[in-house]
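[1] Below is the sequence, then the predicted model.
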Amino acid sequence: MEIAVLQAVEFKKEINTVWIYPPAADRVAAYKNILVARTVDF
């Protein structure tokens, strides 16, 4: 039972830190993606 509780705690932590509130994005990489997306659209 204790293992299941620990797994549940880790899973909840992953959901909160990765799925719902992901780490801050790399602004430089995001900007480069915007530039590529704009050139593909035209």
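    Ah, there it is.

[2] pLDDT below threshold where in the chain?
    Within the chain, the stretches falling below the threshold (pLDDT under 70) are 1, 37-42.

[3] And the helices in it?
    Listed in chain order, the helices of the chain (DSSP state H) span 2-14, 27-41.

[4] what packs against the first one?
    Packed against helix 2-14 by the contact rule (3 or more Cβ pairs under 8 Å, 6 or more residues apart in numbering; DSSP states H and E) you find no helix or strand. C-beta: built from backbone N, CA, C; applies to glycine.

[5] chain center to it, what's the gap?
    Here helix 2-14 shows a centroid-to-chain-centroid distance of 19 Å under the convention Cα atoms, centre = their mean, to the nearest Å.

[6] Which one of the helices of the chain lies nearest to Tyr21?
    Taking Cβ to Cβ, helix 2-14 is the member of the helices of the chain nearest to Tyr21, at 11.1 Å.

[7] Mind listing residues that contact that closest one?
    Contacts of helix 2-14 from elsewhere in the structure, counted by Cβ atoms under 8 Å, 6 or more residues apart in numbering, are absent.

[8] just stretch 20-32 next, same as before
    In this structure, residues lying in contact with stretch 20-32 by Cβ under 8 Å, 6+ apart are Thr17.

[9] circling back to that earlier point, reformat the helices of the chain as JSON lines; add mean neighbour count.
    As requested, the helices of the chain are arranged in JSON lines below (neighbours: other Cβ atoms under 10 Å):
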{"stretch": "helix 2-14", "mean neighbour count": "9"}
{"stretch": "helix 27-41", "mean neighbour count": "9"}
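
[10] Could I get those in TSV, plus columns for distance to Tyr21?
    As requested, those are arranged in TSV below (distance: least, Cβ to Cβ, whole Å):
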stretch	distance to Tyr21
helix 2-14	11
helix 27-41	17
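
[11] That'll do, ta.
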